[in-house]
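**Student:** A structural model of the following input is requested.
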Amino acid sequence: MPLGTQKRSIVSFTGTNLERAGDHNQRVVLQTIRTHGPVTRSELASLTGLTHQSIVNITRRLLEDGLIKDEGALKGTRGQPAARLAVESSGAYTLGLNIDRDHLTFVVMDLAGQVLRRVYARQRFALPNDVIGFLGQEIAKLYADRVVPRKRVLGLGIAIPERLAGVDVAERPANYDVWQSLDVVETFSEALGLSVYVENDATSAAIGELQFGQGLTQKSFVYTLISAGVGCGLVIEGQPYAGGLTHAGEIGNIPIPDKDGHPRTLWDVLSLFAFYDELGRRGVVLTDAADILEDDEATIAGVDAWIEEAVTHMIAPFLAVTYILSPESLVIGGQLPGFVIRRLCDRLNERLENFKRNIPLTPFRPSTVSIDAAAMGAAVLVLQKALLPTPEAMIK
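**Tutor:** Just a heads-up that it's a prediction; the model follows:
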């Protein structure tokens, strides 16, 4: 089934069995060590609420599996020195891939969350076989260069737009529709011999921000991904939120007014394609936002014109997001250069001043994660599915 039409299980919060509870507890302990380590077993018991004996049993298994390591005794304390435990970064590795209409980004991440390799390929409207070929080549290099041992790779996470083929631009090939009917999980898993997990690209980027950026200090935020498409990833109380119909964050589909009476959406003014079109009208031709010249007058004039048009149509929907969800911040990230995102956030915050009443308004902030947030979030998704706590972990 294509992404976006796959059915989600109906879950029941009626309890859990001991086997599942044990698995959940081990995930909690591992994540606590990743977050707070090096830590002693006594500290782990205090942080997790588990008994000391449970901590002893769980950490023994984690040590045997090579997922954590003993950092040595904690000196300077009374009695027998306590061992300190830390995550073993080489204990597991995950692969993350961001597929978009204008690029592919591939990252390799270790258990500690460090990106060990990053490959970015400019490729417009890559077909499934193109992507599989690219991945096969990069994964082969990964093993040949001994960057990671094959047996320690947990799987591949793929961040992909909900309707990848659903964009109407001149360069789009007719056979790009193949993505609509493709079962991404089955196709890539069979071709690569890996466990594969798929998530919407905006949600994946929000997961990346949650793990490595604003999420380190804020647990509720909305991440807007500006790439070849436009979408939002919602994080509520530290958890990504997809909505009951799994389409939360599809802000790019919001209709906007057009002076000529033609139907338009926010995507038409906010996406990278709209950005390129505005610059193109000023004689600045780009095929990749990374090539932008920050000190060129025509480029800056085009950037500012695009920002003014985008802000005009962004204020109303994002005010609605603010009033309904009350997030701590509205994060903007994606493929645009950092200075463009900063100027966009500054202008949005200036416009928000006109709407201040008795309710505090959520500020716009640039993402503090690199343009690889979606690929990094996809790699984290594999960790969550395989080793770390998930919202579903205690569901029967």
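**Student:** what sits against the closest residue to residue 68 other than its chain neighbours?
**Tutor:** Spatially, and ignoring its direct neighbours in sequence, residue 68 is nearest to residue 62 (4.5 Å; Cβ to Cβ, 6 or more residues apart in numbering). Using the backbone N, CA and C atoms, a C-beta is placed for each residue, glycine as well. Taking Cβ atoms under 8 Å, 6 or more residues apart in numbering as the contact definition, residue 62 lies against 26, 29-30, 33, 68.
**Student:** Sort out for me which of those residues are in helices.
**Tutor:** Of the positions in those, 26, 29-30, 33 sit in helices, assigned by DSSP state H.
**Student:** List just the nearest of these to residue 319.
**Tutor:** residue 30 (40.5 Å; Cβ to Cβ).
**Student:** what's the burial count for that closest one?
**Tutor:** 26 (other Cβ atoms under 10 Å).
**Student:** Also the one 10 residues further on?
**Tutor:** Using other Cβ under 10 Å, residue 40 is surrounded by 19 other residues.
**Student:** just the helices in the stretch 1-150 of the chain please.
**Tutor:** Per DSSP state H, counting those that start in this stretch, the stretch 1-150 of the chain carries helices over the ranges 18-36, 41-48, 52-64, 128-144.
**Student:** Quick check: buried residues in the second one?
**Tutor:** Judged by neighbour count using 16 or more other Cβ atoms under 10 Å, the buried positions of helix 41-48 are 41, 43-45, 47-48.
**Student:** With just CA atoms, put that helix into CSV.
**Tutor:** Only the C-alpha atoms of helix 41-48 are listed here, as CSV (Å, rounded to 0.1, in the frame of the first residue of the first chain):
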residue,chain,number,x,y,z
ARG,A,41,22.4,1.8,38.9
SER,A,42,21.1,3.7,41.9
GLU,A,43,20.6,6.8,39.8
LEU,A,44,18.9,4.7,37.2
ALA,A,45,16.5,3.3,39.8
SER,A,46,15.7,6.8,40.9
LEU,A,47,15.2,8.2,37.4
THR,A,48,13.0,5.3,36.1
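**Student:** helices and strands around it, which ones?
**Tutor:** On a contact count with 3 or more Cβ pairs under 8 Å, 6 or more residues apart in numbering; DSSP states H and E, helix 41-48 meets helix 18-36, helix 52-64, strand 82-87.
**Student:** can you give me the mean pLDDT across it?
**Tutor:** Taken as a whole, helix 41-48 has a mean pLDDT of 94.
**Student:** which residues are in contact with that helix?
**Tutor:** Contacts of helix 41-48 (Cβ under 8 Å, 6+ apart): 25, 28-29, 32-33, 36, 39, 50-52, 54-56, 59, 82-83, 85.
**Student:** Out of the helices of the stretch 1-150 of the chain, which gets nearest to residue 339?
**Tutor:** Across those, closest to residue 339 is helix 128-144 (Cβ to Cβ), at 29.5 Å.
**Student:** quick check, distance from that closest one to the centre of its chain.
**Tutor:** With Cα atoms, centre = their mean, to the nearest Å as the basis, helix 128-144 stands 21 Å off its chain's centre.
**Student:** Save the buried residues of helix 41-48 as CSV, and put in distance to residue 235 too.
**Tutor:** As requested, these are exported to CSV (distance: Cβ to Cβ, whole Å):
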residue, distance to residue 235
41, 31
43, 27
44, 26
45, 29
47, 22
48, 23
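**Student:** and which of the residues you listed is nearest residue 220?
**Tutor:** The closest of these, once distances to residue 220 are taken by Cβ to Cβ, is residue 47, at 22.1 Å.
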